[in-house]
Structures are given as C-alpha cells and as structure tokens.
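>>> 3D model of this:
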Amino acid sequence: GQAHYWLSDFLKLGATAYGNADDDSGLYGASLVARKNTESWLELQTGWSRGLVSDSLRSDDGGFGFMDTAAPVQGDGNELGYRVDGSLGIGDVIPNAAGQLTLYYQQLEAGYSAPGQIAATDTQQYGGSLDVPLTEALTLTAKADSLVEDMGLESSAQEADVSYEIFDGWSLATGIRN
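Have a look, this model is predicted:
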C-alpha cells in the first residue's frame, strides 16, 4: 500500500509498504515533499528492501517471450535506497523570468530491489534538466544524466534542443545529443 498526507499546503508526508510472505521479500519507504508552489519544490525519499521484490524481464522477440535480465541479486537483507528530486521555477529567483530547472540524485545499495529498480552493485544516478523560453516562440531545453555502478557500468548523456513555434501547436526543433 501507499499513502500520503498533506500536513499543510506546503508539506506532504508519504509512506509505502509491500510484503510477500511466500518468499519473505518486502519494500518499505517514506517520502517528504516541501513545496513553495507547483514549480519550486523538494522531495526526499528513502526506501528499504528485503529480498527480490520484483523481477526485471526483457524480450528479444517483440514480447512473445520474456527472460530475466540478470541473476537475482542477493544482499544482506538491509538494502537502502535514497532519492532527492528538486525543481526550481526561474521566476521564483529572477522576477518576471520564465523557465524551470530540475535536478535529481539517487543512491541504491547493492541488492536493493523495487518495481523497476534492481541494483546488482552500489549504484548512483544523478542529472537534471533546464527548460527556458528565450523568446515567445523560441525555447531552449537542456538535459544531462549520469549513471555509475560500483565496479561496473558508467554512462552519461547530455542533450540540448532548441524549438521554434511556427504557429499554434506547430513547431520546428533541432538538437544535439552526446
């Protein structure tokens, strides 16, 4: 189950719990959101998993058959995960300015398991995005992400896009990605 409660207009507390008695696996978490408005906020999350909470499957034939992506990860039963997400409305810092900056950081210990998240080794992810209108018709969007697995994969991606609104609902865009 999952539940959250707004303590005030600006502070939300949440909790998550999942357990499976058949294989003694479980996932428990808590979150806290502090917000100034819909564009500027900070969310802190933590989770604790025990056992393999969900399988990660892949298909090489378009969905006719599925197989495990890796052998199940075995931790010591106390695997933790942390995540911080933040968003800043540019207008909250610079009066009459538009745009939004978002940032995130996530740390998972080896063996952490949650739906869509299985960490074979200690894993760190971080990144963010910036979306700024340069004129009424011209918008700049930039994104960057990084993934570092202990004794494993390290990857990063950066992207910058510029779009020009030709007329209502139609735009022309170009970008570069590394």
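>>> which strands or helices does the strand or helix carrying Gln158 pack on?
Assigned by DSSP states H and E, Gln158 belongs to strand 154-167. Packing contacts for strand 154-167, counted by 3 or more CB pairs under 8 Å, 6 or more residues apart in numbering; DSSP states H and E, involve strand 138-149, strand 170-177. All C-beta spots, glycine's among them, are computed from the backbone N, C-alpha and C.
>>> now do the SS call for the residue nearest to the spatial centre of the chain.
Taking CA atoms, centre = their mean, the centroid of the chain lies closest to Tyr104, which sits 6.8 Å from it. The three-state label given to Tyr104 by DSSP: H, G, I helix; E, B strand; the rest coil is strand.
>>> check contacts around it.
83-86, 125-128 (CB atoms under 8 Å, 6 or more residues apart in numbering).
>>> ChimeraX command to pick out the buried ones of the residues you listed?
Typed into ChimeraX, the line below selects the buried ones among those, using 16 or more other CB atoms under 10 Å:
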select :83,85,86,125,126,127,128
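>>> buried deepest among the helices and strands packed on strand 154-167, which one?
strand 138-149 (a mean of 16; mean count of other CB atoms under 10 Å).
>>> hmm, who's touching that one?
119-134, 153-165, 175.
>>> still on that earlier bit, tell me how far the residue nearest to the centre of the chain lies from Ser87.
Tyr104 sits 10 Å away from Ser87 when distances are taken as CB to CB, to the nearest Å.
>>> how deep is Ala120 tucked in, by neighbour count?
A count of nearby residues for Ala120, using other CB atoms under 10 Å, gives 20.
>>> isn't it up against Ala110?
Yes: counting by CB atoms under 8 Å, Ala110 is a contact partner of Ala120 at 6.6 Å.
>>> just the pLDDT for Phe66.
Among the per-residue scores, Phe66 shows a pLDDT of 75.
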